[in-house]
Every structure is written in C-alpha cells, then in structure tokens.
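> Can you look at this prediction? I've put the sequence above it.
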Amino acid sequence: MGEPLLVVITGPTASGKTALSLALAGRFGGEIVNCDSVAVYREFEIGTAKPTATERAQAPHHLLDIVTPTELMTAGEYARRARQVLREIAARGRMPIVAGGTGLYLHALLDGLAEGPQRSDPLRDRLRDVARKRGVAWLHRMLCRFDPAAAGRIHPNDVPKLIRALEICITARQPMTAVWERGREPLLGFQILRLGLEPDRNALYTRINQRAEAMFAAGIIEETARLFEQYGEAARPLQATGYKQVMQFLQGTSNRKTALWAAAQAHRNYAKRQMTWFRHDSGVHWLKGFGDDPAVQAEAIALVEKTFTAEDAEVAEGNK
C-alpha cells in the first residue's frame, strides 16, 4: 500500500467546512482533526462555531477543547499534536481529515515552521512606541518595505502580528517569509489532497451575517461575560473575532446593535484575509460553493476517489 491519504479542507469562515468534513468522513470512514485556533480552547462554545454534539457523534473529532482559556497554543505546538493524531488515525486504517480556517496552524502542520530569532523585548517596545506616535499604518508600511509577502497576509491593524513580523525581519536581517522557508520540516508519510471551499462572496457574507445574529441570539454576550468574570484578560480567546466585539459592548463602548454589526463586519474581514492566505497555495482544488451543497460534496467525493489507490479505497469502504 502507498502512503495513506490525508484530506485537508480549508476555506473562509462560514463556508461549510464542517459539513463537508462530515460528508467525507461518512463516505470514507474518516476521522476529523480540528484546525481552528479558537476551537482548541475549552469553554468557548458559541463564538467558535464548533461542531455540535450531534455532528461530533457522526465521526470521531480531534483537537477540540484541548487547552484551558489561559493557555497559549502556538502554531508549532498545534502542529506537533496534530501530526501525532494524524499518525494515530492512519495507523487505525482510517482516513484523517483536517478541517479548519487558521492558515498559520495549517502551514505549520503541513509545511513546518522554521525556528525564528529569539524574542527581543527592547525592539518590540520601540515598535510599539512607533505605533503610538505614528500610527499602526506606519508599521504596516514598514513591513511592506521589508517583506511585501508577509504584509499581504497580515491585517494592517493587527499590531501583535505586525510587530512580530518586523521583529523577525529586523533581527534576522531578511524577510520573515525567507526565515519561514529555511529549515522547515514538512509533513511526510501522507498523500495530501487539499480542498478549498470558495462560495459566492455575497452569499458567504449573508451566511456570516446570519451566523453572527445566531450567536448573539444563542447567548454569546452571557458566555463572554461569564468567561471574563472567571478568567479576566488572561483568557486568550476573548480577543478573537466575535468575542472581542462583545467585550467592547460589555465594557460600555458600544451597544448591542453596534456590537452585532461590528462582529459580523469583523468576520467578513476575516473571511477576506483567509482567502488571501489560502490563495497563496497553488495545490488547492477549489470547490465553487458551500460545503453543505450536495453538488460540492459530490465533487469532493469524486476527487478523493480519484486520488485513492484501489487498495486504499477497499480499506476505506471496510472502515465505514
């Protein structure tokens, strides 16, 4: 038998990655591995769009709810855990399916991350001072000069990521993207099929708006208030899209209607950044639609069947 098949499902938020992963898991006897940087945290439920209990019962799920709200889950640590899980799934003769939209986690898992320069607190302090005096846009323009590719992937207002990217560029004296490429250890031992969901933009934005409304109706304000009361600012996901806008409401800087609008807008902007990130990967088979569309699922199943060897297909059929 050749290398086991690993299916990777990417795409923007609300594009139906969960639905497609369940369809493939049911068809081929698969197990699903989460690749969302907020869904790894316990107690954060409503704002993460994690698979429901009913969905989790349809197929084994991995790397959901694995760290406490105050723990740090780096991309490197995620990759280490995920690679171990993939090997265990393959050893059981089942098909691993990675599903999620966190580009850096996926990059670390599949391509590996080079070890960057050590953290420089004095340099970070100087860059924060630049941001205060000249504005965040100045940092982004600096990064455009040092590393245009990295600047294209980082949101102009994402101060922590801008500072880290500039820190690496300045300390290493070369673009951060060049540092990433050096000394990486890509995932070996799998035949990888990358599937990307690309629904119509207006239809996607409609779903994102509906999801934001559903999260508020389901009690994301109450969930956020409880988590903040229990963990305070140490709860890392409180800065994630959706929770961040609810925190602004709880702190009195917006009303409920404004917070809902801001959360939906933030998710739409996040979807744009996700697509910018994933389009850099030329190996993705793009599926024009949502993951819950039967036609899209049929196309994905056909791609998996085409990739399988005959022997792999027999094993998958027996594991269903």
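Here it is on my side, so go on.
> any idea where the strands of the stretch 201-320 of the chain begin and end?
All strands of the stretch 201-320 of the chain, identified by DSSP state E, counting those that start in this stretch, fall at 284-287.
> Report the spatially nearest residue to residue 280, omitting neighbours in sequence.
Nearest residue to residue 280, sequence neighbours excluded (Cβ to Cβ, 6 or more residues apart in numbering): residue 153, at 7.5 Å. Where C-beta positions appear, they are placed from N, C-alpha and C, glycine not excepted.
> quick one, what contacts the one you found?
Counting by Cβ atoms under 8 Å, 6 or more residues apart in numbering, residue 153 touches 103, 273, 276-277, 280.
> One more: residue 271?
12-15, 204-205, 208.
> Quick check: ChimeraX command selecting the buried ones in those.
The following ChimeraX line selects those of the contacts of residue 271 that are buried, judged by 16 or more other Cβ atoms under 10 Å:
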select :12,13,14,15,204,205,208
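> right, and out of the contacts of residue 271, which lies closest to residue 34?
The nearest member of those to residue 34, counting by Cβ to Cβ, is residue 13 at 13.9 Å.
> hang on, the closest one is in a helix, isn't it?
No - going by DSSP: H, G, I helix; E, B strand; the rest coil, the assignment for residue 13 is coil, not a helix.
> Begin at 607 from now on, thanks
Okay, residue one is now 607; in that scheme the one you just asked about reads as residue 619.
> care to break this structure down by domain?
611-719+790-925, 727-787 (automatic domain parsing).
> Got the phi and psi for residue 797?
Dihedral angles of residue 797 (phi, psi; degrees, to the nearest 10) stand at phi -90, psi 120.
> Okay, and the beta partners of it?
Bridge pairing for residue 797 (DSSP bridges) gives the partners residue 611.
> residue contacts, it?
Contacts of residue 797 by Cβ under 8 Å, 6+ apart are 608-612, 913.
> Farthest pair within those residues?
608 and 612 (12.4 Å).
> out of the two, which sits in the more crowded spot?
residue 612 (23 against 9; other Cβ atoms under 10 Å).
> Could you check how many residues crowd around residue 631?
Residue 631 has 23 neighbours, counted by other Cβ under 10 Å.
> other SSEs contacting the helix or strand harbouring residue 729?
Using DSSP states H and E, residue 729 sits in helix 727-740. Other elements packing on helix 727-740 under the criterion 3 or more Cβ pairs under 8 Å, 6 or more residues apart in numbering; DSSP states H and E are helix 742-752, helix 765-778.
> Arrange the ones you listed in CSV, one row each, with mean pLDDT and distance to residue 638 as further columns.
Formatted as CSV, those follow (pLDDT from 0 to 100; distance: least, Cβ to Cβ, whole Å):
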stretch, mean pLDDT, distance to residue 638
helix 742-752, 91, 35
helix 765-778, 87, 28
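> which one of these lies closest to residue 904?
That would be, of the helices and strands packed on helix 727-740 and by Cβ to Cβ, helix 765-778, which comes in at 38.0 Å.
> buried sites along the closest one?
Buried-residue list, helix 765-778, by 16+ other Cβ under 10 Å: 767-777.
> wait, which of the contacts of residue 797 is closest to residue 904?
residue 913 (15.2 Å).
> nearest spatial neighbour of the most centrally placed residue in the chain, skipping sequence neighbours?
With distances taken as Cα atoms, centre = their mean, residue 708 lies nearest the centre of the chain, 1.5 Å away. Counting by Cβ to Cβ, 6+ apart, residue 643 is the residue found nearest to residue 708 once chain neighbours are left out, at 4.2 Å.
> same thing with residue 619?
Here the residue nearest residue 619, using Cβ to Cβ, 6+ apart, is residue 877, at 5.3 Å.
> OK, contacts around residue 841?
Here residue 841 is in contact with 675-676, 833-834 (Cβ under 8 Å, 6+ apart).
> ok, now residue 677?
647, 842.
> Same question for the one 5 residues further on.
Contacts for residue 682 (Cβ under 8 Å, 6+ apart) come out as 714, 719.
> The lengthiest helix in the chain - what's its average pLDDT?
Longest helix in the chain, counting residues (DSSP state H): helix 862-884. Averaging pLDDT along helix 862-884 gives 95.
> Just the buried residues of it, please?
Neighbour-count burial for helix 862-884 [16+ other Cβ under 10 Å]: 865-866, 868-874, 876-877, 879-881, 883-884.
> Show me where this structure dips below the pLDDT cut-off.
607, 720-722, 786-789, 915-926 (pLDDT under 70).
> Kindly recompute the last result at 80.
Within the chain, the stretches with pLDDT under 80 are 607-608, 719-725, 785-790, 888, 914-926.
> one step back: okay if I get the helices and strands packed on helix 727-740 as JSON lines plus distance to residue 702?
Formatted as JSON lines, the helices and strands packed on helix 727-740 follow (distance: least, Cβ to Cβ, whole Å):
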{"stretch": "helix 742-752", "distance to residue 702": "35"}
{"stretch": "helix 765-778", "distance to residue 702": "29"}
